[in-house]
Each structure stands twice: as structure tokens, then as C-alpha cells.
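Chemist: Fold the following.
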Amino acid sequence: MKLNPAKCSFGMEEGKFIRVIVTGAGFKANPDKVQAVARIPSPFSLKEVQTLNGRLVALNRFLANHAAKSYPFVSTLRNYLKKAKFRWITEAEQAFLEVKKCLMELPTLTAPYAGEPLTMYLSASDIAIGAVLLTDRKNVQTPIYYAKDLMLQFSSCKVIHIKKSENKSANALSKLASTNFEHFAKDIRIEILDLPSIPQHKVLVIQTGVESWMTPITAYLSSGALPEGKAEARKIKHKALNYQIHDSVLYRRSFLGPLLRCVDAEDMNYLIREVHEGICGLHAGPRTVVGKLMNAGYYWPGMHLDAVHEIRKCDSCQRHALNMLRPKNELVPVTSAWPF
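Modeler: Got it, this is the predicted structure:
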């Protein structure tokens with residue numbers, strides 16, 4: 001295996017990467033894409049307008065307020081969907097010349113640094129909303145990203161300009177968190193609430209820590225607590241040799257496998273149903289279900305009997321099981337009183 005010299009470049013000051021020119025200062029538009037739009041004549045057919053829009057899409061990240069500038073082209077396509085009725089109007093021609101002029105002065109986009117303050121400028125018109133994200137480098141504002149969005153994509157949209165004199169309340173409200181109350185003007189009223197405005201509702205206490213088969217074993221391993229009866233205490237000591245606690249969770253030791261997490265009756269029913277009839281369930285028998293549960297790392301006493309009890313409740317297994325020809329009860333031999 002060896003590198004292809006025709007596809008390798010080292011020590012380059014700039015290079016083409018994913019349709020843009022990457023330099024040390026940032027990203028520049030591909031000159032081939034720019035010349036493809038600059039050399040195209042004024043469209044005189046519906047297909048030529050579609051070609052123009054497609055070429056402008058490759059340069060939209062470098063065009064400021066691209067949505068508003070390309071709106072006449074979109075409007076032309078929308079008004080003249082049929083080739084026979086196509087007309088290249090004066091408004092579209094002026095927008096086409098303006099776009100060509102802008103392509104000759106495309107900016108170089110740069111990448112922001114971590115924690116660097118950025119500045120955003122918004123531009124709104126009757127047909128589009130545009131925004132540009134800038135960063136200040138050596139007292140020169142350099143663009144990072146142009147955003148655009150056509151209002152015509154919405155069913156209804158309305159942009160209202162609010163004068164500064166009519167926005168005093170909202171401006172003061174935005175500064176409440178970082179301004180001293182004593183310096184506010186008299187026309188701003190502040191109400192301090194000593195108590196919550198929403199009444200507190202009574203909440204019922206939920207019982208936690210329900211006892212299960214794990215409770216005495218966990219108590220003995222955690223604090224050495226044992227039941228009062230000697231026989232029961234000796235039984236718990238003997239059982240606890242096969243268990244251990246890790247991060248407040250009880251596990252059972254296995255001989256050749258990893259630790260098995262112990263579960264209670266509520267989790268037991270869910271695990272059996274999930275393995276038996278879940279997303280990847282095979283509606284297998286109790287032995288297979290128990291084997292899959294232990295391979296997944298779960299354990300509780302009487303796993304096989306619980307699996308048999310839960311699987312018998314499966315409606316699908318009862319409907320689609322094979323018809324058994326065996327009698328429900330054992331056959332009883334009957335001796336004939338008269339052998340002939």
C-alpha cells in the first residue's frame with residue numbers, strides 16, 4: 001500500500017476542501033463557482049433560472065442577505081411555472097446584476113475562538129430576515145456566518161419595529177437582575193413577594209424501601225443486623241456468603257460468570273415479559289428465558305418457577321401453541337369383568 005502523489009499536498013498556504021478554499025485566514029468562496037455565475041448571461045427560460053438558483057446555493061454562505069437578493073428569482077419561478085408564459089422582468093434583471101456585483105467582493109469567513117465574544121447584526125425587510133455573526137479581530141469586524149430565512153416559508157408572518165421610546169418597560173425589566181433597585185425611575189414599579197404566589201399543594205408521602213427477599217441480606221451485609229430467631233439468623237448468614245454489595249446494589253456471586261444483579265418482584269415480572277414477548281422476544285420456554293436473564297446479569301430466587309408462572313399467562317403462546325393430543329389426566333386401566 002502506498003500514497004497516490006497526485007492526491008497528496010504538503011506545505012500548502014491554501015487549498016480546496018469541500019467546495020471552499022481554506023486558507024490560514026479563514027474560508028473563501030471557490031473561484032470556479034464564482035466565475036460560473038459571473039459568466040452566465042441573463043436567463044431567458046425557466047430552466048436557466050433554475051440553473052442560476054442552483055449555482056447561487058453553493059455561494060449562499062458568503063452572500064450577505066442572500067434570501068432577499070434572490071427573492072426575485074424565486075418569485076419568477078413561482079409566477080411562471082409554465083415555459084410558454086415565462087417572462088424575465090426588470091426587477092429580476094436588476095437583482096441579477098446586483099448579485100454579480102456582490103460576487104466580485106465576497107468576504108473571507110473566519111472561525112471563532114473558544115470564549116471569544118461575538119456580535120450579531122440583524123436585517124429585516126418585507127420579504128426576508130437576515131443575520132450576520134461577526135468577530136472583532138484587531139479592530140476589524142470579520143464575518144463568521146451569514147444566516148437567512150424567507151418569510152414566505154411561513155403561512156403568516158409580521159415584523160413590527162418598536163421604537164426605543166416605546167420599549168422602556170421591556171428594557172428596564174431585562175436589567176432588573178443586575179441593577180440596584182434604588183436607582184430606578186419612578187415610573188417603574190417593583191413588587192417583592194415574601195411568599196410564593198402559587199399555593200402549595202399537599203403531597204401524599206410515597207412509601208419507599210418496600211421489604212423484599214433482599215432486605216435481610218442487605219441489612220446483614222451493610223450493618224450486620226440479623227433477625228431475632230436463631231434459625232433464621234443462621235440461614236441469613238449462610239445465604240450472605242454468596243452475595244456482596246457494590247454501590248448500594250446487591251449482587252450475587254457466580255462461579256464462572258460476572259456478578260448478577262438482584263431484583264425484586266416488580267422488576268422480576270417486567271424482565272420476564274421483556275425477554276419472553278418484548279421487542280426481541282422469541283416466546284421461548286422457561287428454561288431459555290431464565291438462561292437469557294442470567295446471561296444479561298440478573299438473578300432472584302425461584303427464577304424458573306416464576307418464569308413458568310408468567311409464561312403461562314402469555315396470550316400469544318396459548319393461541320399459537322401446538323395442539324396437544326395427550327389427555328389432561330393419566331389413563332386409568334379398566335379391567336373387563338367378562339374376558340369373552
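Chemist: okay, and the helix or strand of this structure with the least pLDDT?
Modeler: Across the helices and strands of the chain, mean confidence by mean pLDDT, DSSP states H and E is lowest for helix 168-174: a mean of 64.
Chemist: So which bits of the helix or strand following that one are buried?
Modeler: Later in the chain than helix 168-174, the nearest helix or strand by DSSP states H and E is helix 215-223. The neighbour-count check on helix 215-223 (16 or more other C-beta atoms under 10 Å) flags 216-220 as buried. Quick note: C-beta positions are derived from backbone N, CA and C, even for glycine.
Chemist: nearest to residue 103, of these?
Modeler: Distance to residue 103, by C-beta to C-beta, is smallest for residue 218 among the buried residues of helix 215-223, at 73.5 Å.
Chemist: Next up, the contacts around that closest one.
Modeler: Applying C-beta atoms under 8 Å, 6 or more residues apart in numbering to residue 218 gives the contacts 245, 250.
Chemist: how much space between it and residue 144?
Modeler: 57 Å (C-beta to C-beta, to the nearest Å).
Chemist: where does the stretch 51-200 of the chain dip in pLDDT?
Modeler: Along the stretch 51-200 of the chain, segments meeting pLDDT under 70 span 81-84, 124, 145-160, 162, 164, 167, 169-190.
Chemist: for this protein, what spans make up the helices?
Modeler: 31-38, 46-57, 66-69, 71-79, 90-103, 168-174, 215-223, 230-240, 265-277, 286-296, 303-311, 315-320 (DSSP state H).
Chemist: Could you single out the most deeply buried of those?
Modeler: helix 66-69 (a mean of 21; mean count of other C-beta atoms under 10 Å).
Chemist: So what sits opposite the closest residue to residue 244 other than its chain neighbours in the bridge?
Modeler: Among residues not flanking residue 244 along the chain, residue 251 sits closest, at 5.6 Å (C-beta to C-beta, 6 or more residues apart in numbering). When bridges are assigned using DSSP bridges, the partners listed for residue 251 are residue 244, residue 261.
Chemist: can I assume residue 251 is in contact with residue 259?
Modeler: Yes. Residue 251 lies in contact with residue 259 (C-beta atoms under 8 Å); the separation is 3.9 Å.
Chemist: quick one on the thing from earlier: quick one: the helices of the chain as TSV, columns for distance to residue 20 too.
Modeler: Formatted as TSV, these follow (distance: least, C-beta to C-beta, whole Å):
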stretch	distance to residue 20
helix 31-38	9
helix 46-57	14
helix 66-69	16
helix 71-79	23
helix 90-103	15
helix 168-174	38
helix 215-223	62
helix 230-240	67
helix 265-277	50
helix 286-296	49
helix 303-311	60
helix 315-320	57
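Chemist: Next, find the distance separating residue 61 from residue 221.
Modeler: 62 Å.
Chemist: cool, and residue 56?
Modeler: Following C-beta to C-beta, the distance that separates residue 56 from residue 221 is 71 Å.
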